[in-house]
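Novice: below are the sequence and a predicted model for it; my questions follow.
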Amino acid sequence: MVSVQDPPVTSPRPRRANPVLALLRNSWRQLTSMRTALILLFLLAVAAIPGSVLPQRGVNIDDVDRYFVEHPDLAPVLDRLGMFEVFASVWFSAIYLLLFTSLVGCVVPRLAEHWRAIRSAPPKAPSRLDRLPQHATIAQAIGGAEEIGAALRKRRWRVAVRGDTVSAEKGYLKETGNLLFHFALLAVIVGVGYGSSYGWHGNRLLVAGTETAFCNTLQQFDEYGLGPRVDAADLPRFCLELTDFNAEFLPTGQPSSFRATVRVDNGAPRGFSVNSPLRLDGANVYLLGHGYAPMIRYTDRYGQAQTAIAPFLTVDGMLTSEGVAAFPDANIDPKAGSARDPNAQVAFEGLYLPTAPDQPPYTRSVYPEERSPALMLWAYRGNLGLDAGIPGSVYRLDQRQVDNGRLKRVGEATLLRVGERMTLDDGSSVEFLGTREYATLSIRYDPGEKIALGGAAIGLLGLMLSLTGKRRRVFFRVTTGGSSLVEAGGLPRTDYSGFAEEFKQTVEAVERANEEGSVKR
Amino acid sequence: MSALSDQLLVVAILSYLAAMVCHAAEYAFGNRSHIGRAASRPARELVAVGFGSSAVKVDEPPADDMPAAPSGRDRAALAGRAAVVVTALAALVHLGTLVTRGIAAERMPWGNMYEFVLSVTFVGSAAWLVVLSQRPAIRHLGLFVATAMVVLLGIAGMVLYTEVAPLVPALKSTWFVVHVSAAVLSSGIFLLGFVPAAMFLIRSGYDRGKRSFPYSLGRRVPEAAALDRLTFRLHAFAFPIWTFGALIAGPIWAEAAWGRYWGWDPKEVWAFISWIVYAGYLHARATPSVKRTTATWIAVIGWLTMLMNLFGVNIFFTGLHSYGGL
């Protein structure tokens, strides 16, 4: 493939070219060759494989963390190679950037060439038409070259009449489709890049109720990611309150439908479900999952009551859920002041069963709906380790505090039904008030997706044109002289097994059209 | 209805097995069959190869020899024709398996891996019958088609079998029908395209004088040029459908369901890999400087990536596409 950027090699005497230029030119030619493109395509496919074999940060960060724990020696090495972010890694990017450079270097000259081909007339007929793959002679007297040309034009051939010869070509759409496909791929890449620069997403666990409503600011997301061109202030302002969550299950426990109802900015309630997200102006809200948040009221030894609404994480399909309700401000002597007592903080580890089995052990829920809800609680007292400044999970106790004895288990695990209360050894008590439902939401915006979709659709159109189109030429020569004889030849320029048939029909049509024409005259 | 579907599957497998036996009989008895003789005429082949794209008539000449065939060959041809009829019957029963399964589940029968494999193999089988009706000369490939059917349906029935169950909420979408049907259709045609691709490699190895095991099969398959063209046609037909199903309809649905149109889920990664490999095949096939055997090897690798996506990803990886029911 010849590049457009090359200086034209005109000098007939081979003067020694600038070696740097020569190297550049040769590298460019290498890069834009089909062979290189095929190798790059193959490399791209191979490079994608680790992205499916190894856990990826962009897909599931918890799996990556687990991999680090399981393979403490191997994981850091793989990490340095970018194996946990394959699709953002330098080497993956290098392959596709080279591939796209190669693509541009290949299709831009082809575009110019195709443009010229469309604007120029079909080439001159070869001198010996009988050497072409298809050949025919018409022995009877038919019209001249102009008449043949007219008949071909009627059959949508592009025609050039030169004296006694007619050249005609068809199937330009094949190359048009081919170029369209490759330029559409560029549009897809632009769309993907634009989306990742200007898009953003955040995840949030939203518990039903007014006081647990959420507003679209970074601080209120559990986890978020902003594109490099997005500022926190760019996020659209809106607030969401989960007013209802409806999950339906089959008798086997398999879910059959999920539907969340939210109030947006105190407006009318709007419902959305798994396959139909809530589309807001500049943001889309997707329903990812749901679960239960037990409400736990703890009354401390001074009689101060606090209520925690603690979302529990589901651990199985029957919605057995685990979580923690922490009361760091418990047991503060109202007379002594308002400082936290680091040794009298309280937390409960809980196991929630929406439908507890009839018999112990109470370890697994038997149905995902709340038919017989029960909450198993383990009480802990001591230092929760929240003031240490180390980020920890809100769904789990800080195991280090338990291991070093600063946080101690109090009493036995107790199963509470809704409204039941358990009293601890220091006279404080805990009560299970009931549950609220929560939904896990993903709030996202990707301005590039329409560009990418448009590119993909146009690309598909181009692909089909390019795969079904057939470029072919036919030539006619009217032999002047004693006998009026017309010779025809056909040349398929691409793999086209039906060409013989089409050639025959074309010749017959030309014959017929000109017979009729001569009758009229 | 579900039990009926299961019984029909057994009938379908047995029918494909019977077709396989008939095809094998044709192989065994018709060692001088018309295809075999066509293969032993090097002159014609040179013509076909020399003109490359314009050699359109290679499929037809063998048919001319049919009436003059002696009785031994007749018996073999009879077995071959019987094989086609049995394959058609098997495909009907196969369709019955799918329809009864769909009725039992009250939805399209594409909800889990068992049903998916059942659908893909049906598309492959139906496409085979369509292609066969256009080019009767490739009947000998039927042995490999029938074998592939028996193996894949056997795996489906024994390993992947899942009880009928309604769809999970994530699959309740219009795009379920669009995305999965396009994936099933293109996978089925790629599956069928793999057969002439593999046969082309065997045949061209045979033509180069290799006589060891896989190449020895090349004696009785159609000519290399015809196989190569058929391979290209099938892949060129399936590729846009795959593009639409996996890389357009899939992302549109993923945007609505998961909030992003592409997220490098293992299934997506392998769909991408298959697309890249098949795109490589089409480019290599269209480039004169690349050898046809090299190009065809790429198509074979493409089918391996499809198999990896169907079995490997469902079994070894967990991701958002974990609907296999395993």
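Specialist: That came in fine, so what should we check first?
Novice: so which residues make contact with the helix or strand hosting A:T261?
Specialist: Element membership for A:T261, per DSSP states H and E: strand A:255-264. Under the contact criterion C-beta atoms under 8 Å, 6 or more residues apart in numbering or on different chains, strand A:255-264 has outside partners A:206, A:238-250, A:269-274, A:278, A:280, A:285, A:287, A:290, A:368, A:439, A:441, B:166, B:168-169, B:172. From N, CA and C alone the C-beta is placed, and that goes for glycine too.
Novice: could you report the neighbour count for B:D6?
Specialist: Neighbour count of B:D6, defined by other C-beta atoms under 10 Å in any protein chain shown: 17.
Novice: so which helix or strand takes in it?
Specialist: helix B:2-29.
Novice: mind saving the C-alpha coords of the helix or strand following the strand holding A:T261 as PDB?
Specialist: Using DSSP H and E, the next helix or strand after strand A:255-264 towards the C-terminus is strand A:269-273. Extracted C-alpha coordinates of strand A:269-273, given in PDB (Å, rounded to 0.1, in the frame of the first residue of the first chain):
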ATOM      1  CA  PRO A 269     -43.000   8.400  41.900                       C
ATOM      2  CA  ARG A 270     -41.400   6.700  38.900                       C
ATOM      3  CA  GLY A 271     -40.800   3.000  38.500                       C
ATOM      4  CA  PHE A 272     -37.900   1.300  36.800                       C
ATOM      5  CA  SER A 273     -36.600  -2.200  36.500                       C
END
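Novice: so A:P447 sits in a helix?
Specialist: No - counting by DSSP: H, G, I helix; E, B strand; the rest coil, A:P447 falls outside a helix, being coil.
Novice: ok, it touching A:S196?
Specialist: No - judged on C-beta atoms under 8 Å, A:P447 makes no contact with A:S196 at a distance of 10.3 Å.
Novice: just to revisit the earlier point, flag every buried residue along the strand holding A:T261.
Specialist: Buried residues in strand A:255-264, defined by neighbour count with 16 or more other C-beta atoms under 10 Å in any protein chain shown: A:255, A:258-263.
Novice: now do the same contact list for B:G142.
Specialist: B:19, B:23, B:80, B:83-84, B:87, B:128, B:132.
Novice: which two in the residues you listed are spaced the farthest apart?
Specialist: Spanning the widest gap among the contacts of B:G142 are B:G80 and B:W128, at 14.1 Å by C-beta to C-beta.
Novice: the more surrounded of the two?
Specialist: Per other C-beta under 10 Å, whichever of B:G80 and B:W128 has more neighbours is B:W128, with 28 against 23.
Novice: which residue sits closest to residue 317, ignoring its sequence neighbours?
Specialist: In the absence of a named chain, this looks at chain A. Leaving aside its sequence neighbours, A:G317 sits nearest to A:G253 (C-beta to C-beta, 6 or more residues apart in numbering or on different chains; 6.1 Å).
Novice: that was the other one, I meant chain B.
Specialist: In space, and not counting its chain neighbours, B:F317 is closest to B:P266: 4.1 Å by C-beta to C-beta, 6+ apart.
Novice: also A:N246?
Specialist: Counting by C-beta to C-beta, 6+ apart, the residue nearest A:N246 is A:R259, at 4.6 Å.
Novice: who's the one you found bridged to?
Specialist: Going by DSSP bridges, A:R259 is paired in beta bridges with A:N246, A:S273.
Novice: hmm, B:T318 and B:D265 touching each other?
Specialist: No - using C-beta under 8 Å, B:D265 is not in contact with B:T318, being 9.8 Å away.
Novice: so which of those two has more stuff around it?
Specialist: Ranked by neighbour count (other C-beta under 10 Å), B:D265 and B:T318 place B:D265 first, with 24 against 13.
Novice: list the contacts of that one.
Specialist: Applying C-beta under 8 Å, 6+ apart, the residues near B:D265 are A:59, B:319-321.
Novice: now do the buried residues in stretch A:381-397.
Specialist: In stretch A:381-397, counting by 16+ other C-beta under 10 Å, buried: A:381-386, A:397.
Novice: state the distance from A:G289 to B:G319.
Specialist: 16 Å (C-beta to C-beta, to the nearest Å).
Novice: list buried residues within the contacts of strand A:255-264.
Specialist: For the contacts of strand A:255-264, a neighbour count by 16+ other C-beta under 10 Å gives the buried set as A:206, A:238, A:240-243, A:245, A:247, A:249, A:270, A:272-274, A:278, A:280, A:285, A:287, A:290, A:368, A:439, A:441, B:166, B:168-169, B:172.
Novice: so which of these are in strands?
Specialist: Per DSSP state E, strands hold the following members of the buried ones among the contacts of strand A:255-264: A:206, A:240-243, A:245, A:247, A:249, A:270, A:272-273, A:278, A:280, A:285, A:287, A:290, A:439, A:441.
Novice: just checking, what packs against the one helix or strand B:S133 maps to?
Specialist: B:S133 belongs to helix B:113-134 when assigned by DSSP H and E. Secondary-structure packing of helix B:113-134 (3 or more C-beta pairs under 8 Å, 6 or more residues apart in numbering or on different chains; DSSP states H and E): helix B:71-105, helix B:142-158, helix B:174-207, helix B:224-244.
Novice: and that helix, how far out from the chain's middle?
Specialist: Between the centre of helix B:113-134 and the centre of its chain there are 7 Å (C-alpha atoms, centre = their mean, to the nearest Å).
Novice: what angle separates that helix from helix B:142-158?
Specialist: Per axes from the mean of the first three to the mean of the last three C-alpha atoms, to 10 degrees, the angle that helix B:113-134 makes with helix B:142-158 is 160 degrees.
Novice: may I see the buried residues of helix B:113-134?
Specialist: By neighbour count on 16+ other C-beta under 10 Å, the buried set for helix B:113-134 is B:113-128, B:131-132.
Novice: likewise for stretch A:330-340?
Specialist: Residues of stretch A:330-340 classed as buried by neighbour count (16+ other C-beta under 10 Å): A:330-332, A:340.
Novice: how about low-confidence regions in the stretch 351-500 of chain A?
Specialist: Residues of the stretch 351-500 of chain A meeting the criterion pLDDT under 70: A:389, A:391, A:480-484.
Novice: please name every helix or strand in contact with the one helix or strand A:D63 maps to.
Specialist: In this assignment (DSSP H and E), A:D63 forms part of helix A:61-70. Applying 3+ C-beta pairs under 8 Å, 6+ apart, we find helix A:61-70 packed against helix A:74-80.
Novice: need the residues that contact the helix it packs on.
Specialist: Applying C-beta under 8 Å, 6+ apart, the external contacts of helix A:74-80 come out as A:54, A:67-68, A:84.
Novice: of all the residues you listed, which two lie farthest apart?
Specialist: For these, the farthest-apart pair by C-beta to C-beta is A:L54 and A:F68; their separation is 11.4 Å.
Novice: which residues touch the residue sitting nearest the centre point of chain B?
Specialist: Centroid-nearest residue in chain B: B:L192, 2.0 Å away (criterion: C-alpha atoms, centre = their mean). When contacts are counted by C-beta under 8 Å, 6+ apart, B:L192 touches B:124, B:127-128, B:131, B:145, B:234.
Novice: tell me which residue of the stretch 101-250 of chain B lies closest to chain A.
Specialist: Relative to chain A, the nearest point of the stretch 101-250 of chain B is B:S173 (4.0 Å; C-beta to the nearest C-beta).
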